[in-house]
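> next comes the sequence, and after it the predicted model I'd like to discuss.
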Amino acid sequence: MIFHSKPDKRFLLVALIFISCLAIAVALPILFIPQLKLIDRFLILGIGFMIVSFIAWYLLVVKYTLTAHGLVAQAGPFKRFMPYEHILFVHQTMRRRGNNRIANAQKALTLYAIRPDRPTQLREAEILAQKHGESINNYVMRFIADPTKRSTYLKEGFDPSILQRITISPYEQSLFVTELLRYLDTQTT
């Protein structure tokens with residue numbers, strides 16, 4: 001199941017203005033510097049086009065794929081995979097940090113998972129959890145749920161790099177939940 005993200009209109013307007021300003025900044029030296037040779041103009045234009053295209057691709061093309069093993073979130077060329085069995089905590093948040101596509105104060109859906117590709121940090125977190133007499137999942141969920149005590153966790157030596165976060169914007173939450181439930185129904189039948 002694949003669905004593409006739909007950014008809100010305000011974010012889309014800001015992104016397009018930003019991309020247009022970058023394109024103008026690339027074109028200005030080509031137009032107003034007479035000392036540039038023709039090859040230099042093409043070189044500046046080509047490099048500028050690639051940079052502007054990459055930024056536009058990253059900002060405007062976001063898709064989510066529900067596979068048999070987990071959720072894949074892709075923004076431009078960057079992919080993040082979150083296995084279903086590693087998802088610890090799902091909650092709604094008002095925070096914009098971590099997902100620049102949320103341009104207003106509506107609630108977004110945030111999924112947290114433990115990254116299995118960090119075995120050293122994971123072992124250290126398990127030792128810290130055992131000191132407190134709880135499982136790694138409970139320890140990490142307390143870290144996520146109570147931001148006021150995060151400095152205490154960090155002083156103990158907890159490394160938050162073992163956490164992976166994917167934020168689904170308010171505009172695509174209902175579609176994401178519908179697709180996830182439909183996908184899970186097809187897997188169980």
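All right, it came through fine.
> which helix or which strand is home to the closest residue in space to Val26 that isn't next to it in sequence?
What sits nearest to Val26 in space, not counting adjacent residues and going by Cβ to Cβ, 6 or more residues apart in numbering, is Gly48, at 3.0 Å. For glycine as for every other residue, the C-beta is placed from the backbone atoms N, C-alpha and C. Assessed by DSSP states H and E, Gly48 sits inside helix 38-60.
> for that helix, which positions count as buried?
Buried residues in helix 38-60, counting neighbours by 16 or more other Cβ atoms under 10 Å, are found at 44, 48, 52, 56, 59-60.
> my read: the residue nearest to Val26 touches Leu28, true?
No. The pair Gly48 / Leu28 is not scored as a contact, 10.1 Å apart, by Cβ atoms under 8 Å.
> give me phi/psi at Ser169?
Taking degrees, to the nearest 10, you get phi -70, psi 160 for the backbone angles of Ser169.
> okay, now it: neighbour count?
Ser169 has 23 neighbouring residues, counting by other Cβ atoms under 10 Å.
> now do the helices in this structure.
9-32, 38-60, 119-131, 136-145, 150-156, 173-188 (DSSP state H).
> okay, domains of the protein per the record?
2-60, 62-188 (automatic domain parsing).
> among the ones you listed, which gets the worst mean confidence?
Note on the domains of the chain: lowest mean pLDDT is at domain 62-188, with a mean of 79.
> could you tell me how far that domain lies from the centre of the chain?
Relative to the chain's own centre, domain 62-188 is displaced by 10 Å; criterion: Cα atoms, centre = their mean, to the nearest Å.
> stretch 36-55 now?
On the basis of Cα atoms, centre = their mean, stretch 36-55 sits 29 Å off its chain's mean C-alpha point.
> right, and Glu156 touches Leu128 too?
Yes. Between Glu156 and Leu128 there is a contact under Cβ under 8 Å: 5.6 Å.
> follow-up on the earlier one: return the most buried member of the helices of the chain.
Among those, ranked by average contacts under mean count of other Cβ atoms under 10 Å, first place goes to helix 136-145 (a mean of 17).
> fine by me, thanks again.
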